[in-house]
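K.L.:
Build me a model from this:
(one chain, ligands or ions: 2)
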Amino acid sequence: MSVKRRTISEINEKIRGGEAVVMTARELCDAVRGGEDVRFEDVDIVTAATCGVMSGTFAVLSFRVAEPNTFERASRVFLNGVPAFVGPCPNERLGVVDVMVYGTAHRDRKYGGGHLFRDLVLRREVSVEVETKEGKRIETTVTLDEIPFAKLCSTRNAFRNYLAFVNPKEGAVPTIFSVKELEGPFKELTFSGCGELNPLEKDPTLETIGVGTRILMSGAPGFIIGRGTRSTPEKPNLMGIADMHEMLPEFLGGFVTPAGPEVVNSWAVPIPILNERVLENAKRLDSEIKLVVADVHGREPIFEITYADVWKRAKVTFDASKCISCDVCEVSEVCPTGAFDAARKKVNEVLCFNCGACVRSCVAGAFSAELGKVVLGGREVPVTARQSDRHKAEKLAELLKRRILEGSFTLSAPVERLKF
Ligand code: SF4
Ligand code: SF4
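P.N.:
Ligands and ions are numbered 1, 2, ... in the order given. Below is the predicted model:
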């Protein structure tokens, strides 16, 4: 019996010849759910993606702030008021600063590193304040086009198999895992993870994904550089890097939580269908992917459900005709991305994260989404917010598919397997 195999070089030849067959993870999963027999011969690449709150995201920026010899070295730098870490290179007397900005660093409760990254990608002018070692203060502005080196990096992103959270105790807990304080006991559930679309769910044994795999990070070509912090064989996650100049603003940004501003990032990863085993893994559906429900206090697992229990309709919709123009709009108060403009009765679709928090907050039912309910120990617990945007993940997987089909994105073979 012949073993069915193909190599990444053979797939790249097909891409160059315009013959590669590419399916998004959504298309593959829908075909499998519909009873279609998708065979090895039918598909060369599956594009998988995830979009979510990814705290382990930071930027490395290097740019000029003054003429050479204006100051000896910078000691503190703020971009739109967001504090940056200076260095590691001191750039002595060059008038240039190298900084790292964490996606979770923040100026105030509503503006942090994620908001700053998006403002940069939008080519907005950003204020820069530099305090120097010798006590000078330099104020200037910069746009991304004036920053020659701007990379987005991750300490850990794209977690496979993330968590759902509940508060089993009386009262409410401020947490980064919700958009409002998480109410207990068992009054609501929030969760993260794109389930059957996640790249590491599509390749759970890391047979094709490794160091050097070419990806799209928030729309820009980039690479996987290793495993991330707290990565284990059961719950792997990834480190990656990509150039901010090529990123698209709809795939990254800020996300306000009761415990401070967070950062949204997105990854799309091509899964080359090298053999039938890789294809079988890529076919896994939400119903086969477990989701641990943890106590928000200490993150101890207390229940187990699957992503099929929480992912229904990805898109949140708004019906302006139902909006009664309240004096104080609860949705505007709670929306973590500032996507809703109550005065104009409009949702900014580029900013909207499809988290669903508006569904419960709107007094007139103008927002709708199938957020669903889960049963935990005999109690029915409603899902009130999602910290992953599967609608955007689908869009990013489609973008990667288009780029492969037009020949502008080819696959790279890993230079090293990911080790644990
Ligand atoms: S809470 Fe709902 S009905 Fe009231 S202003 Fe906001 S969107 Fe409109
Ligand atoms: S789903 Fe609703 S609350 Fe969430 S970002 Fe969109 S408009 Fe805001």
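K.L.:
what does stretch 359-372 rub up against?
P.N.:
For stretch 359-372, the external contacting residues (C-beta atoms under 8 Å, 6 or more residues apart in numbering) are 309-310, 312-313, 315-320, 322-324, 326, 330-331, 333-334, 354, 356, 358, 382-384, 386. Bear in mind the C-beta positions are built from the backbone N, C-alpha and C, glycine included.
K.L.:
how far does it stretch from start to finish?
P.N.:
For stretch 359-372, the first-to-last residue distance is 11 Å (C-alpha to C-alpha, to the nearest Å).
K.L.:
Give the rounded mean pLDDT of it.
P.N.:
Mean pLDDT, stretch 359-372: 93.
K.L.:
And stretch 214-234, by the same measure?
P.N.:
94.
K.L.:
list the buried ones in that stretch?
P.N.:
Within stretch 214-234, the residues that count as buried by 16 or more other C-beta atoms under 10 Å are 214-220, 222-224, 227-228, 231.
K.L.:
Narrow the residues you listed to those in helices?
P.N.:
Using DSSP state H, the subset of these located in helices is empty.
K.L.:
Adding distance to L411 as columns, could you present those in TSV?
P.N.:
Output for those, formatted as TSV (distance: C-beta to C-beta, whole Å):
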residue	distance to L411
R214	7
I215	10
L216	12
M217	16
S218	20
G219	18
A220	17
G222	14
F223	12
I224	12
R227	20
G228	22
S231	23
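K.L.:
what two of those residues are the furthest from one another?
P.N.:
By the measure C-beta to C-beta, the buried residues of stretch 214-234 have their two most distant members at G219 and S231, which lie 24.2 Å apart.
K.L.:
if we can go back for a sec, buried members of the contacts of stretch 359-372 into ChimeraX, please.
P.N.:
Here is the ChimeraX command that selects only those of those that count as buried (16+ other C-beta under 10 Å):
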select :309,310,316,318,323,331,334,354,356,358,383,384,386
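K.L.:
Keep only the contacts of stretch 359-372 that also lie close to ligand 2.
P.N.:
Contacts with ligand 2 within the contacts of stretch 359-372, as defined by C-beta under 6 Å from any ligand atom: 316, 354, 356, 358.
K.L.:
What about the last one? Give its phi and psi, please.
P.N.:
Just to be clear, that refers to C358. Backbone geometry at C358, expressed as degrees, to the nearest 10, gives phi -70, psi -20.
K.L.:
Just to check, it is in contact with F340?
P.N.:
Yes. Using C-beta atoms under 8 Å, C358 is in contact with F340, at 6.6 Å.
K.L.:
what do the two both touch?
P.N.:
Joint contacts of C358 and F340 (C-beta under 8 Å, 6+ apart) are 318, 331.
K.L.:
Could you give the average pLDDT over the one helix or strand L291 maps to?
P.N.:
Using DSSP states H and E, L291 sits within strand 290-295. Averaging pLDDT along strand 290-295 gives 95.
K.L.:
Now the longest helix anywhere in the chain: buried residues?
P.N.:
The helix spanning the most residues in the chain, taking DSSP H as the definition, is helix 390-405. Using 16+ other C-beta under 10 Å as the burial criterion, the residues of helix 390-405 that qualify are 390-401, 403-404.
K.L.:
go on, stretch 162-180?
P.N.:
In stretch 162-180, counting by 16+ other C-beta under 10 Å, buried: 162-167, 172-173, 175-180.
K.L.:
can you give me the helices in the chain?
P.N.:
Going by DSSP H, the chain shows helices at 8-16, 25-33, 113-121, 199-202, 276-282, 307-310, 330-334, 357-361, 390-405.
K.L.:
what residues are up against the nearest residue to R214 once chain neighbours are set aside?
P.N.:
Take R214 and drop its neighbours on the chain: the residue closest to it by C-beta to C-beta, 6 or more residues apart in numbering is S412, 4.3 Å away. Shown in contact with S412 (C-beta under 8 Å, 6+ apart): 8, 212-214, 223.
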